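# Predicted model and sequence follow; I will ask about them next.
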Amino acid sequence: MTSFIATANETVPAGLLPDIASGYHMSEAWAGQLVTSCALGSGLAAIPLTAMVRRWKRRTVLLLVLAAFLVCNAITAVSTSFVLTLATRFAVGLATGLAWCQLASYARRIAPASMQGRALAIAMIGIP
């Protein structure tokens, strides 16, 4: 589910650009910066945030990522400020980058040795 949510965080706004642009009274190109902001946050955060939390329990990190998804998406849903929405999209990108780094190892760790490959496949099935 985390994989699905992370992928949705990254891709759903791209399909809504005409509506987003209309709602904020701007061009679709400028509204597209919401997608860019999320991708930028994800790319910048993946390695440093993973290094910062490497000693934390994976479950704790995963729950924090899910909480960040919840808060950031709730703010995005009600925001009337493009700047706030852009910043929130960057923040959800930070959480997404951390999620991608945690998912594979977490899925394998919670499965018995004989099922680790299957656990990894199921955890990452949300990507396509």
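All right, it came through fine.
# and the helix or strand that contains residue 65, which residues are buried?
Element membership of residue 65 [criterion: DSSP states H and E] is helix 58-78. Within helix 58-78, the residues that qualify as buried are 58, 61-62, 64-66, 68-69, 72-73, 75-76, counting by 16 or more other C-beta atoms under 10 Å. Using the backbone N, CA and C atoms, a C-beta is placed for each residue, glycine as well.
# Could you list the low-pLDDT ranges of the chain?
126-128 (pLDDT under 70).
# and which of the buried residues of helix 58-78 is nearest residue 113?
Using C-beta to C-beta, residue 58 is the member of the buried residues of helix 58-78 that lies nearest residue 113, at 17.2 Å.
# Tell me which residues touch the closest one, please.
102, 105-106, 109 (C-beta atoms under 8 Å, 6 or more residues apart in numbering).
# By neighbour count, sort out the buried ones in these.
Buried among these by 16+ other C-beta under 10 Å: 102, 106.
# TSV for the contacts of residue 58, including secondary structure and distance to residue 3?
Converted to TSV, these look like this (DSSP: H, G, I helix; E, B strand; the rest coil; distance: C-beta to C-beta, whole Å):
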residue	secondary structure	distance to residue 3
102	helix	10
105	helix	13
106	helix	11
109	helix	15
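# thinking again about what came up before, go through the buried residues of helix 58-78 and say which is closest to residue 28.
residue 76 (17.5 Å).
# where exactly do the strands run in the protein?
For the chain, no strands are identified by DSSP state E.
# most remote residue from it's center?
residue 114 (29.4 Å; C-alpha atoms, centre = their mean).
# And the helices in the protein?
2-15, 17-24, 28-31, 33-52, 58-78, 82-110, 116-123 (DSSP state H).
# Give me the most central residue, this structure.
residue 96 (2.7 Å).
# what's it in contact with, if anything?
6, 9-10, 38, 41-42, 45, 69.
# and what of residue 92?
Contacts of residue 92 by C-beta under 8 Å, 6+ apart are 9, 38, 41, 68-69, 72-73, 76.
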